[in-house]
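Trainee: A structural model of the following input is requested.
(one chain, ligands or ions: 1)
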Amino acid sequence: MRFILTLLLGLLLVFGIWSFISYRDFLMGPSPASYEWWWPREISTYGQDTDGLFRLIAVMVLVMYVLTMGMLTYFVFKYAAPRQDKGTYSHGHHKVEMAGLVVVSGGLLIVVFAQIGPWADMKFESSFEGEPIFAEIWASQFDWRFRYPGPDGRLGTADDIETSWELVVPKDEKLVFNLRSRDVLHSFFVPMLRLKQDSVPGMTIPIWFEVDGEQHAEAFKGQEDTSFDIICAELCGWGHYKMSGRIRVLEREDFDEWMDGMVAERFSNGQIEGE
Ligand SMILES: [Cu+2]
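Mentor: Below you'll find the predicted structure:
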């Protein structure tokens with residue numbers, strides 16, 4: 001029994017490390033070429049920071065896992081040995097417990113300080129102050145809708161352009177969006193941009209991203225479809241599973257052309273107010 005238990009725990013330890021390293025075979029199935037370790041490739045300007053944090057935490061978790069599983073395996077083996085002596089009562093070891101606490105707190109402090117910069121860059125308004133709102137992103141059960149300001153450059157007017165499913169954006173520009181919800185909590189998640197933000201009914205939450213043109217071209221080299229996924233990352237109701245969308249990235253000129261086409265299509269009978 002002792003040997004079987006030890007063997008099983010040891011196998012679990014090895015399997016844990018194996019699945020951590022070759023996660024694709026366990027979690028992702030056959031992955032598209034644009035996948036890296038644990039993630040699709042990042043193509044946004046702050047993607048490297050997010051990945052750096054992810055790797056840091058992942059490695060810390062791996063170390064803790066190996067340490068605790070290794071100790072568990074060893075102690076199960078050691079203390080399951082048949083012995084003649086009586087059981088003893090132990091009140092623990094103060095110094096060892098303190099050392100464990102200090103190590104764990106130290107690890108958490110490293111994470112705390114490592115994330116301050118990237119978090120501020122991604123979430124604080126100071127990093128996009130003064131930038132105009134590029135578009136509104138509306139979440140509702142169960143789709144994404146995008147509202148552009150239209151020719152007058154102002155949101156909430158008669159010439160606004162609304163699209164659903166597909167968000168079209170220019171590359172290499174810092175774009176600020178207002179994220180809003182029509183009904184319940186949703187979460188706007190774009191894995192390739194390393195962007196995730198809850199949308200909350202009654203709140204207007206500004207978010208931003210900038211698609212790095214070179215990285216985008218690199219990630220989709222040789223592929224016809226260069227758009228990528230939007231996912232709802234908040235269980236928002238029965239249709240949560242189908243609440244998806246795409247982001248299509250264009251050069252600025254092509255984007256303007258696309259926008260002109262949208263305007264022409266919507267208002268071809270000259271119905272924009274004031275015209
Ligand atoms: Cu949702």
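Trainee: which SS class is Gly156?
Mentor: coil (DSSP: H, G, I helix; E, B strand; the rest coil).
Trainee: point out the residues in the protein that sit beside the ion.
Mentor: 186, 232, 236, 243 (C-beta under 5 Å from the ion). For the C-beta atoms, the positions are set from N, CA and C on the backbone; glycine is no exception.
Trainee: specify which member of the residues you listed is nearest to Trp165.
Mentor: Closest approach between the residues of the chain next to the ion and Trp165, by C-beta to C-beta: Met243, at 10.5 Å.
Trainee: so that closest one sits right up against Cys232, yeah?
Mentor: Yes - between Met243 and Cys232 there is a contact at 3.8 Å, judged by C-beta atoms under 8 Å.
Trainee: overlap in contacts of these two?
Mentor: 139, 142, 144, 186 (C-beta atoms under 8 Å, 6 or more residues apart in numbering).
Trainee: burial measure for the nearest residue to the first one once chain neighbours are set aside, as a count.
Mentor: So the one you mean is Ala139. Excluding the flanking residues, the one nearest Ala139 by C-beta to C-beta, 6 or more residues apart in numbering is His186, at 3.7 Å. Neighbourhood size, His186 [other C-beta atoms under 10 Å]: 31.
Trainee: try the one 5 residues further on
Mentor: Burial of Pro191 is recorded as 16 neighbouring residues (other C-beta under 10 Å).
Trainee: how about the residue lying closest to Ala58 once chain neighbours are set aside, secondary structure?
Mentor: Of all residues not flanking Ala58 in the chain, Trp38 sits nearest, at 7.1 Å (C-beta to C-beta, 6+ apart). Following three-state DSSP, the label given to Trp38 is coil.
Trainee: quick revisit: for Met203, see how far away the residue nearest to Ala139 is.
Mentor: Note on His186: its distance to Met203, by C-beta to C-beta, to the nearest Å, is 12 Å.
Trainee: go on, Thr157?
Mentor: Taking C-beta to C-beta as the measure, Thr157 falls 22 Å from Met203.
Trainee: for the stretch 51-200 of the chain, which residue gets nearest to the ion?
Mentor: His186 (3.5 Å; C-beta to the ion).
Trainee: which residues touch that residue?
Mentor: Contacts of His186 (C-beta under 8 Å, 6+ apart): 139-140, 198-199, 232, 234, 236, 243.
Trainee: quick check: phi and psi at it.
Mentor: phi -130, psi 180 (degrees, to the nearest 10).
Trainee: how close does it sit to Phe15?
Mentor: 36 Å.
Trainee: what do you get for Gly239?
Mentor: Between Gly239 and Phe15 the computed distance is 36 Å (C-beta to C-beta).
Trainee: swap in Gly245?
Mentor: As for Gly245, its distance to Phe15 is 36 Å (criterion: C-beta to C-beta).
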